[in-house]
Each structure stands twice: as structure tokens, then as C-alpha cells.
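[1] here's my sequence, what's the structure:
(chains A and B)
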Amino acid sequence: MEPLMAVTIGILFAAAIYMMLRRSIVKLVIGLMLLSNAANLLIFVTAGLTRGAPPLVPEGMTAPEGVVADPLPQALVLTAIVIAFGVLSFAVVLVRRAWEIVRADDLDKMKDTDT
Amino acid sequence: MPQIALPILIPLFAGAVSLVFWRSRGMQRFVAVAGTGSLLVTAFWLLATVNREGILVMHMGDWQAPFGISLVADLLGAIMVVLTGIIGFAVALYSLATTGRGHEKFGYFPLMHLLLAGVAGAFLTGDIFNLYVWFEVMLVASFALLILGSEKAQMEGAIKYVTLNLVSSVIFLVAVGLLYGMVGTLNMADIARRISTLENTGMIDVLAMMFMVAFGIKAAAFPLFFWLPASYHTPPVAVSALFAGLLTKVGVYALYRVFTLIFNQSPGYTHEILLWGAGLTMLSGVLGAAAQYEFRRILSFHIVSQIGYMILGLALFTPLAIIGGVFYIMHHIIVKTNLFLVSGIVRRLRGTYQLKQLGGLYRSHPWLAVLYLIPALSLAGMPPLSGFFAKFIVIRAGVEAEAWGVTFIALLVGLLTLYSMIKIWAEVFWKAPPEDGDVDPYPVVGQREMWLMTAPVVGLALCTVFIGLNAEPIYSLAEASANELLDPSRYIEAVLGEDAEVIP
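    Numbers count the residues shown, from 1 in each chain, chains lettered A, B, ... in the order given. Now for the predicted structure:
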């Protein structure tokens, strides 16, 4: 399962970078979304994938038995998803406002602050 | 030990209170001053305690390290929190006069508190994922502050700022994930302990580079600094001053923390890259500034070049160099914020930031000219101001380490900094006002407003002079903090306890 996930994450990263290299700011935001999802997926699989073994402590014992899934990456990915969601919604609103004010979708036309 | 948590809790609480008083302008303004003032006081309390008792640790929710999140205040962290308090208080006072009703109505003060909470949290956390969370708290607040007012330039600047900072966060997050996959812990002290037992050193170097790129973007190091001069001159001036003082320095702090505590195995590789990055950062920043004729843009490029000196201190990685780096951070935060505040006063008096349209301020406001010269000469490194000692220590460390190339760049950049500062002096204060005839009547500035704008500038200028004339105790503080940084076992012992064993 891990190799498949690795390839998926790689494709997501590649697609994200491709989208971010386009000139349109809408595609830029799509690229950012793909990028953060790729990162989230990567965190999720860092500790390896363990199927059907929730980290529960059986009654009367102090530690779970045998090989169990690592719960920490799941907590991390939950935090990361929430943060990415908040930041990306800001980015979407920003792009909309920028379009309303600048009236351009092309990053090449947004060079006023560069010179 | 409540001192550690208070610098984070106070701004969060102040932000919440200002949200409650959303409609009451007076109350928000009062909370802004009271909140940042008490932040400053607790920050000094924290520094005094850390200086007396050594590294302070607090385990949140009483989960013992490495299982819970620990807050750790070592000397570097405490110093940074004090600087946050100073800048926060100065900018809060200043924004009483410069932030218009429109900006205050859209939540300027709550966002400012949130930003300070994020910055203080980043300085005090001992957990690497928690560091990521504080970075995001700080970023979200800075995004919103940056576009307050929705002008065209702000939008264009914000798109670059947001994109590059998000990319940096993603790289940071990926690096944290891979690091967790390798060592199985997130506590920085525990990571530092376990990473030395790993055999796969190639992968450690890869991770080190990912952290370097992520924090390099935040710190605006070469070649990742382009977002900074594109955005820092666009928001209201109080916001610029806050960003200029604190945000990039959080990136520098993170570089210091990570590359002294965790990735100190192969300095021949990582610190060599940092060294060349530092040299090029100094050079490209100062050359960029030489071509500019807008007050805040010149200052923005100088942030980049000064970041180079701080990274140079880290990259040389000798005790003296680290002392110089820490000293430089202290000096730079105060001076840079002060210059931005002065630029705001000039703009308030004359209605523009363009050097070509300014002039004659020495004749009309001689005291303002003096207040400009103090931080400007300090930035360029003139004795007896703080910048002289900061540059002196870093360059001396460069000479002792026989890194001739970067030492030469550091000296040259000092000279070019002086050129830029004198250019502003000549254009804004010295030359006669331009006789275009179409200059609008100058804006009217009330007496009370003027006092509120001048008081923080005078305060920060006094800090610069104080550091310069009283460098000895500041130097010993930087020395103590450098000793802590170069001996990570003290940090590790403070967090995990002395008898903790390495369990691979």
C-alpha cells in the first residue's frame, strides 16, 4: 500500500507545482490546494500504514498489544487539514478581491510592486 | 512557572477582549496598549527568571516530555520575547495615531494581538509541530493585516506574500512529517537526542536542507527573499513596522534553533551552504536598496541585507559568531522598526513616501531629522550606537574563522548601507523641498497625534543608544545565550531530565 501512496503523493506534488507555475492566479490557488493536500497525505503515511489495528488499550492492561497503527500522524494530519482549510479559504477570497481591484487574472500584469 | 505561558496567553486574551468590544473603538485602543504593555512586563520577568535559574520548562497539561507539548524558555527564546514585547508596545502606541478609523473597524487591533501571540508562541515552544502551528497563527494574522485597506498595491503584494509563505509552510510541514517518520518524536529535545543515534546521515542532510529552505523563505534569505520587497511597503505603516521588526526574525530564530539543536552533525555541509547564502543575502539586499527611491522600499531591501549578518553569525558556528548573531538580532529588531516608524511620521507630515517629492524636513522638523539619524547610523554600524558593536562582533568572528570572502562582503555591505541611509538623509531632510508647485497643502497633524507618533520613536532610539553605550551587559547576555545554543545537552537535560536514556 505504501508504494501506491508514495506515487500518489508524488503525482499530487507534481500537479501542484505545474499549476503554480502557470500565470493565472486562479490556477495558482488550485496549485496551493493540491500542494497542501499532498503534504497532508504525506504526513498521514509517514509512520507507515497499519490496517485494522486501532491503538486501543485492552481492559486491565496499560499498553496495546502487538502492532497497532500510530495515532499521532492522524492527530497531526487533522490539525494540518484544519489549518490548510483556513488558510486556503483566505487565499480564495484574496484572489477574488484581487481580481475585483486589479481586474486581471494574469500574474504578469501584477508587477506594480516589483520595480 | 506561569512566566512561560503568560507571553502567549496575554496577547491571545487581549485579542479576545478586543473582539468582544468590536464596536467600541476606545476600548479596543485601551486594550491594545494595556495588553502589549503587560506583555512587555511579563517578558522582562521571564528574561530575569531565565537569566537567574537557567532554562525553564513547562509541560502543558502535565503530560511529561516527550509525550506532551512542552514550552521551553531558554535565553534566546526569552530575549526574543522581550523584543516582541518592546516592538508590540511601541507599535501599539504608534498605531493609536496612524491607524485610521477604517482599519480599526475591520479588526486591526485583534489581529495585532493575534500576531504577537503567534510570534511569542513560536519563540517559546519546544515542540516542532507546535512551532508549525504558531507559524500559521502568525501567518494568518499577517495575511489579514497585510490587506487591510484593500488597495491595488496591497493586493498585488499580498498574492506574492501569501503564495511564498504557504509554499514555505508546506515544505516545513513535509519536513516535520518525514522527521517524525525517522525519529518517531516531535519534541525538539528528544529529536536532537535521537537523531544523533541514527545511521542514515544522508537523509538527515536532506531534512536539514528542507528546514533550511522553509525557514529561509520566512527569514527572506537569498535566493528566497523576493516576496519581502514586493509586499512590505504596501500595508499601513504600523503594520509594516511590526512585520519588519518581528516576522522575518521568527524565521531567523527558527534557523538558529534548528541548526544549533538538531542539525549540528555535519556543519561542514549545512553551515557552508548557510555561509554562502548569508553572503549573497547581504549583497543582493543592499544592492537592491541602492536602486530604490521609495522610503519604505529602501528599508525593506535593507531588512534582507541585515538578515544576511544574522545568518552569517549562525553559519560561522563559532562561539563568538553566535554571540554576534544574537547581539545582531537584538539590535536589528529595534532599529528596523524604528526606521519604519520614522518613515510613517514623514509620510504623515508630507503625504508621500517618494524621496523625489520630499525635502526640506531638516529645516521644518530638526528633531525628526535627529530621530532619523540615530537608527539610520546605527543600522549602518556607526559607533557608539548598537549597530557598531553588532557588526564588530560578527566581522571579528569572520576574521577569526578566516572566512575572508564573507567578511569582505560584510564590510562592503556596511559601507553600502551607509550610502543608502545617507541617500534618504539627503533627499528627505537635507535638500530643499521640490518646487513643483503642484504639491498639495501638507496634511494637518494634531499635537496629540504627533506626540503619540514620536513617543515610540524616541523610546526605541533610546534603546539603541542604551545598547550602544552599555554594550557590556548586553554582550554578556548574548554570550550566555550563545553558550546555551552551542551546548545542546543543557537544553535536552532541561526538557527531558538528566537521567533520560536514548531509546532508539
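[2] so what's the residue count around B:Ile409?
    Around B:Ile409 there are 21 other residues, counting by other CB atoms under 10 Å in any protein chain shown. No exception for glycine: its C-beta is placed from N, CA and C like everyone else's.
[3] and the most far-flung residue of chain A relative to its centre, how far from A:Gly66?
    In chain A, A:Gly60 marks the outermost C-alpha relative to the chain mean, sitting 39.2 Å out by CA atoms, centre = their mean. The gap separating A:Gly60 from A:Gly66 is 16 Å, by CB to CB, to the nearest Å.
[4] please apply the same query to B:Val444.
    78 Å.
[5] please spell out which residues along the lengthiest helix in chain A are buried.
    In chain A, assigned by DSSP state H, the helix with the most residues is helix A:71-102. For helix A:71-102, a neighbour-count test (16 or more other CB atoms under 10 Å in any protein chain shown) marks A:72-73, A:76-77, A:79-80, A:83-84, A:87-88, A:90-91, A:94-95, A:98, A:101-102 as buried.
[6] same question, stretch B:317-329
    B:Phe317, B:Thr318, B:Leu320, B:Ala321, B:Ile322, B:Ile323, B:Gly324, B:Gly325, B:Val326, B:Phe327, B:Tyr328, B:Ile329.
[7] what does stretch B:15-30 give?
    B:Gly15, B:Val17, B:Ser18, B:Phe21, B:Gln28, B:Arg29, B:Phe30.
[8] name the nearest residue to B:Val394, sequence neighbours excluded.
    Excluding the flanking residues, the one nearest B:Val394 by CB to CB, 6 or more residues apart in numbering or on different chains is B:Gly324, at 3.7 Å.
[9] any idea which helix or strand carries the one you found?
    helix B:319-350 (DSSP states H and E).
[10] outside of the next helix-or-strand element following that helix, which residues touch it?
    Using DSSP H and E, the helix or strand that directly follows helix B:319-350 along the chain is helix B:361-364. Helix B:361-364 is contacted from outside by B:Val346, B:Leu349, B:Arg350, B:Leu368, B:Ala369, B:Val428, B:Phe429, B:Trp430, using CB atoms under 8 Å, 6 or more residues apart in numbering or on different chains.
[11] what's the neighbour count on the closest residue to A:Ala104 other than its chain neighbours?
    Nearest non-adjacent residue to A:Ala104, counting by CB to CB, 6+ apart: A:Met110, 6.6 Å away. A count of nearby residues for A:Met110, using other CB under 10 Å, gives 22.
[12] do you know how far A:Met110 is from B:Ile159?
    7 Å.
[13] same deal with B:Thr281?
    Taken as CB to CB, the span from B:Thr281 to B:Ile159 is 23 Å.
[14] next one: B:Leu114
    For B:Leu114, the distance to B:Ile159 equals 22 Å [CB to CB].
[15] residues from chain A in reach of chain B?
    Contacts of chain A with chain B, taken as CB under 8 Å from any CB of the partner chain, map to A:20, A:25, A:28, A:32, A:35-36, A:38-39, A:42-43, A:46-48, A:72-73, A:76, A:79-80, A:83, A:86-87, A:90-91, A:94-95, A:97-98, A:101-102, A:107, A:110-114.
[16] ok, and the most crowded of the contacts of helix B:361-364?
    Taking other CB under 10 Å as the neighbour criterion, B:Val428 ranks highest of the contacts of helix B:361-364 with 24 neighbours.
[17] now for the spatially closest residue to that one that is not a sequence neighbour: which residues touch it?
    Nearest residue to B:Val428 in three dimensions, chain neighbours excluded: B:Leu358, at 4.6 Å (CB to CB, 6+ apart). Going by CB under 8 Å, 6+ apart, B:Leu358 touches B:Phe295, B:Val346, B:Arg350, B:Thr352, B:Glu427, B:Val428, B:Pro433, B:Pro434.
[18] which residues does the first one contact?
    Okay, so that is B:Phe295. By CB under 8 Å, 6+ apart, the neighbours of B:Phe295 are B:Ser343, B:Val346, B:Arg347, B:Tyr353, B:Gln354, B:Leu355, B:Leu358, B:Ile424, B:Val428.
[19] including pLDDT and distance to B:His302, could these go into TSV?
    Listed next are the contacts of B:Phe295 as TSV, based on pLDDT from 0 to 100; distance: CB to CB, whole Å:
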residue	pLDDT	distance to B:His302
B:Ser343	93	12
B:Val346	90	16
B:Arg347	88	18
B:Tyr353	87	15
B:Gln354	86	18
B:Leu355	85	14
B:Leu358	84	18
B:Ile424	92	10
B:Val428	89	15
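[20] now do the helices in chain A.
    Using DSSP H, the helices found in chain A span residues A:2-20, A:25-45, A:71-102.
[21] same check, this time on the stretch 201-350 of chain B
    B:201-219, B:227-231, B:237-261, B:267-290, B:295-316, B:319-350 (DSSP state H, counting those that start in this stretch).
[22] out of those helices, deepest packed?
    Ranked by mean neighbour count under mean count of other CB atoms under 10 Å in any protein chain shown, the helices of the stretch 201-350 of chain B are led by helix B:295-316, which reaches a mean of 27.
[23] got the phi/psi numbers for B:Leu71?
    Backbone torsions for B:Leu71, taken as degrees, to the nearest 10, come to phi -100, psi 130.
[24] that one: neighbour count?
    B:Leu71: 22 neighbours (other CB under 10 Å).
[25] what residues does the stretch 201-350 of chain B put near chain A?
    B:Ala230, B:Ser231, B:His233, B:Thr234.
[26] in a markdown table, list those along with pLDDT.
    What follows is those, written out as a markdown table (pLDDT from 0 to 100):
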| residue | pLDDT |
| --- | --- |
| B:Ala230 | 88 |
| B:Ser231 | 89 |
| B:His233 | 88 |
| B:Thr234 | 89 |
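[27] which one of those is nearest chain A?
    Nearest to chain A, judged by CB to the nearest CB, of these is B:Ala230 at 4.7 Å.
[28] isn't that closest one right up against B:Lys160?
    Yes - counting by CB atoms under 8 Å, B:Ala230 does reach B:Lys160; the two are 4.7 Å apart.
[29] just the endpoints, please. Distance across stretch B:119-137?
    For stretch B:119-137, the first and last residues are 8 Å from each other (CA to CA, to the nearest Å).
[30] so how far is that stretch off the chain centroid?
    Taking the mean of its C-alpha atoms, stretch B:119-137 sits 15 Å from the chain's own mean (CA atoms, centre = their mean, to the nearest Å).
[31] looking at the stretch 1-150 of chain B, which residue is nearest chain A?
    B:Glu136 (4.8 Å).
[32] so, low pLDDT: which residues of chain A?
    A:113-115 (pLDDT under 70).
[33] what do you get if the cut-off is 50, keeping everything else the same?
    Within chain A, no stretch has pLDDT under 50.
[34] what about B:Met58, is that helix, strand or coil?
    Of the three states, B:Met58 takes strand under DSSP: H, G, I helix; E, B strand; the rest coil.
[35] mind checking how far it is from B:Thr36?
    Applying CB to CB to B:Met58 and B:Thr36 gives a distance of 23 Å.
[36] more neighbours: these two, which one.
    B:Thr36 (27 against 17).
[37] wait, what's in contact with the more buried one?
    Counting by CB under 8 Å, 6+ apart, B:Thr36 touches B:Pro11, B:Ala14, B:Gly85, B:Gly88, B:Phe89, B:Val91, B:Ala92, B:His113, B:Leu116.
[38] make it 7 Å
    B:Gly88, B:Phe89, B:Ala92, B:Leu116 (CB atoms under 7 Å, 6 or more residues apart in numbering or on different chains).
[39] also B:Tyr256?
    B:Leu76, B:Leu314, B:Leu485.
[40] A:Met1 is in contact with A:Leu49, correct?
    Yes - with contact defined as CB atoms under 7 Å, A:Leu49 counts as touching A:Met1 (5.0 Å).
[41] quick one: pLDDT of the closest residue to chain A within the stretch 301-450 of chain B?
    Nearest residue of the stretch 301-450 of chain B to chain A: B:Phe301, at 12.5 Å (CB to the nearest CB). B:Phe301 is assigned 93 on the pLDDT scale.
[42] right, and it touches B:Ala290 too?
    No - counting by CB under 7 Å, B:Phe301 does not reach B:Ala290; the two are 8.3 Å apart.
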